[in-house]
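here's a sequence, model it:
(one chain, ligands or ions: 1)
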Amino acid sequence: MAKHKDAFSRLIKALCALPNVGPKTAQRVAYTLLQHKRNDAQELADALTHALTHVNHCQCCNTFCEGELCAICADEKRDTTRLMIVQMPADIVAMEAAHCHDGLYFVLMGQVNPTQNMDLSHIALNELITRLTDSPVQEIIIATSFTAEGDATAYVLNELLKDQPYKISRLARGMPLGSELEYIDAGTLAQAVYERSLLNSNEKLPEQP
Ligand SMILES: [Zn+2]
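Down below sits the predicted model:
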């Protein structure tokens, strides 16, 4: 009996690692999985183990992929002079659904929290610098969310890159304040990309895709 209790506690503790899941929710999920959905629970465990073994970061854009390069970075038809910087892999999915960017991406895998001393240790800035070294990139589109964190992240990126020979633009502020990119409809997202504004120059942007 003690052993069962340990296993159950371990499961609840593990579930608490999920975003927005507290102990009560974790307990409810654990009951449901073990009582009613044992097949689904097995599939979840198998899929998680498989993903942990096979999914890594794309060597070019830092998103999740299997193998060295993701499908977008491996696509020779993409415009290699335009790099869009996003916070999370889900943002790429939203952008691709909006069909408004034919360049490449870079994923920071996080955002800057302005209430935590602008800590940068958890976002992939070093990987971004490596990505840009000796690259054909001419324009960088900062596509962070229109939240306090997204604004702070955009600020950090602009400060980091503004003296480099890139045109730096940010998505137009046509989106509702507080918007996470992945929840914005494709039409609004496309409009925000087409109407993006330059941050470090008065030059005109290249023709819109
Ligand atoms: Zn990639």
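
state the mean pLDDT of the longest helix along the chain.
Of all segments of type helix in the chain, defined using DSSP state H, the longest is helix 38-54. For helix 38-54, the mean pLDDT works out to 95.

neighbouring contacts of it?
33, 34, 66 (Cβ atoms under 8 Å, 6 or more residues apart in numbering). The way it works is simple: take the backbone N, C-alpha and C, and place the C-beta from them, glycine included.

may I ask you to name the longest strand in the protein?
strand 79-86 (DSSP state E).

quick one: is that one near the ion?
No. Strand 79-86 does not reach the ion (Cβ under 5 Å from the ion); its nearest approach is 11.1 Å.

what's in contact with that strand?
Contacts of strand 79-86 from elsewhere in the structure, counted by Cβ under 8 Å, 6+ apart, are 92, 95, 101-108, 128, 131-132, 135-144, 157, 181, 209.

then stretch 114-133?
Residues contacting stretch 114-133 (Cβ under 8 Å, 6+ apart): 60-62, 83, 85, 106-113, 148-149, 151-153, 156, 160, 164.

list the buried residues in that stretch.
114, 120, 123, 124, 127, 128, 131, 132 (16 or more other Cβ atoms under 10 Å).

got it, and stretch 8-27?
Buried residues in stretch 8-27, counted by 16+ other Cβ under 10 Å: 11, 12, 15, 26, 27.

coming back round to it: which of the contacts of strand 79-86 fall in strands?
Those of the contacts of strand 79-86 lying in strands (DSSP E): 103, 104, 105, 106, 107, 139, 140, 141, 142.

just to check, the third one is in contact with residue 90?
In this case it means residue 105. No. Residue 105 is beyond contact range of residue 90, at 11.8 Å (criterion: Cβ atoms under 8 Å).

those two - which one has more neighbours?
Per other Cβ atoms under 10 Å, whichever of residue 105 and residue 90 has more neighbours is residue 105, with 26 against 15.

so residue 59 sits right up against residue 74, yeah?
No. Taking contacts as Cβ under 8 Å, residue 59 lies outside contact range of residue 74: 10.6 Å.

give me the buried entries from the contacts of stretch 114-133.
Applying 16+ other Cβ under 10 Å to these flags 60-62, 83, 85, 106-112, 149, 151-153, 156 as buried.

list the contacts of the residue nearest to residue 13 when sequence neighbours are not counted.
Leaving aside its chain neighbours, residue 13 sits nearest to residue 26 (7.7 Å; criterion: Cβ to Cβ, 6 or more residues apart in numbering). For residue 26, the contact set (Cβ under 8 Å, 6+ apart) comprises 11, 12, 13, 15, 16, 18.
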